[in-house]
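Asks: quick one: sequence and predicted model below, then my questions.
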Amino acid sequence: MLSFILCTCLLFLFIYTLFPFVMTRVCGIGVANQGKDQSKVALTFDDGPDPYYTPRLLDLLKEHRIKATFFVLGSRAELYPDLIKRMHTEGHQIGIHNYLHKSNWLMSPFCVRRRHIERSADIVEQITGERPTFYRPPWGLLNLGDLFLLRKSYRVVLWSVMGRDWKLQSDTTQWKRSITQQIQPGSIILLHDCGKTLGADEGAPGQMLAGLPSVLEDIRIKGFRCVRADEILTNTKCSFSQRSASMSPRTKLLGGIERGAKASWHYEEAANGAAAYPTDPIR
Ligand SMILES: [Zn+2]
């Protein structure tokens, strides 16, 4: 009897955690982790905003005229609304990375959805007037329910390039080398602008910031353009009407204003209007 219970528990754990892991992280099913555009790569920054590092990163991106995607924690967005506002005003995309940096494996799909994603989306929407539609789970870990429940409203975006920029490296060139060696057409690059999450080093974003200009230079030499994740993920099934349907009533009301007043900078580098919105097929 005990062995039966043990086997049942193990089977449940496997189905709830490892099955979605294999589907998403190994097979790339149900998530976007690579763009199809051969001339672009996307820079994405997780775990922020951070009052010390994020402004410096925004300055650097502005200097290089680059738009990026920030997967923010709702709790930190609540603490630093001015940084969220600045990201939005300067044309960056804001996605959700849970309210707290907690693994989805330890939560029910309902908890993930309501207490983390929707709560964080509400916070960002209240600050910017625009509801995020992109989501990246902490450590890229989805549970079984997320795999099926999130896809209607959110684009789940992982990555194809990752250095160990969340840890301080004794060799400062190590993470840069790791990143630049992996970059390919359509790469989605994972970086971190906050070092206050579990397993990270608090000063690591400083090292990332010091090395980022040379990574950007390498990307430029390779002939790629850095864009937001929603721009690189082309050929989507998620049309604007579908995206609009996922917006809250408040955002729908603001939609006309948003699209009219901010489209010029928000999607200024998009190839055309259709491609300016989240686009990638969910694989
Ligand atoms: Zn994270």
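Replies: Here it is on my side, so go on. All values reported here derive from a predicted model rather than from experimental measurement.

Asks: going by C-alpha atoms from here, please, whenever you check contacts or count neighbours.
Replies: Will do.

Asks: tell me which residues in stretch 44-62 are buried?
Replies: The neighbour-count check on stretch 44-62 (16 or more other C-alpha atoms under 10 Å) flags 44-50, 53-55, 57-58, 61 as buried.

Asks: export that stretch as PDB, just CAs?
Replies: What follows is stretch 44-62, C-alpha atoms only, in PDB (Å, rounded to 0.1, in the frame of the first residue of the first chain):
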ATOM      1  CA  THR A  44      15.400  40.400 -22.300                       C
ATOM      2  CA  PHE A  45      16.000  41.400 -18.700                       C
ATOM      3  CA  ASP A  46      14.500  39.500 -15.800                       C
ATOM      4  CA  ASP A  47      13.900  40.000 -12.000                       C
ATOM      5  CA  GLY A  48      13.800  43.900 -11.900                       C
ATOM      6  CA  PRO A  49      13.200  46.600 -11.600                       C
ATOM      7  CA  ASP A  50      16.100  47.500  -9.400                       C
ATOM      8  CA  PRO A  51      16.600  51.100  -8.200                       C
ATOM      9  CA  TYR A  52      20.300  51.000  -8.700                       C
ATOM     10  CA  TYR A  53      20.900  48.900 -11.800                       C
ATOM     11  CA  THR A  54      17.800  49.400 -13.900                       C
ATOM     12  CA  PRO A  55      18.200  53.200 -14.400                       C
ATOM     13  CA  ARG A  56      21.800  52.600 -15.500                       C
ATOM     14  CA  LEU A  57      20.600  49.900 -17.900                       C
ATOM     15  CA  LEU A  58      17.900  52.200 -19.300                       C
ATOM     16  CA  ASP A  59      20.600  54.900 -19.800                       C
ATOM     17  CA  LEU A  60      22.800  52.400 -21.700                       C
ATOM     18  CA  LEU A  61      19.900  51.200 -23.900                       C
ATOM     19  CA  LYS A  62      19.000  54.800 -24.600                       C
END
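
Asks: chain center to that stretch, what's the gap?
Replies: How far stretch 44-62 lies from its chain's middle: 14 Å, per C-alpha atoms, centre = their mean, to the nearest Å.

Asks: try stretch 142-156
Replies: Remark: stretch 142-156 is offset 14 Å from the chain centroid, using C-alpha atoms, centre = their mean.

Asks: which residues touch that stretch?
Replies: Stretch 142-156 has contacts (C-alpha atoms under 8 Å, 6 or more residues apart in numbering) with 15-17, 19-21, 30-32, 104-105, 108-109, 112-113, 133-137, 243, 246, 278, 282.

Asks: list the contacts of the closest residue to the ion within the stretch 101-250 of the chain.
Replies: Residue of the stretch 101-250 of the chain nearest the ion, by C-alpha to the ion: residue 138 (4.3 Å). Residues near residue 138 by C-alpha under 8 Å, 6+ apart: 97-98, 101-104.

Asks: got it, and residue 17?
Replies: Counting by C-alpha under 8 Å, 6+ apart, residue 17 has contacts 105, 142-144.
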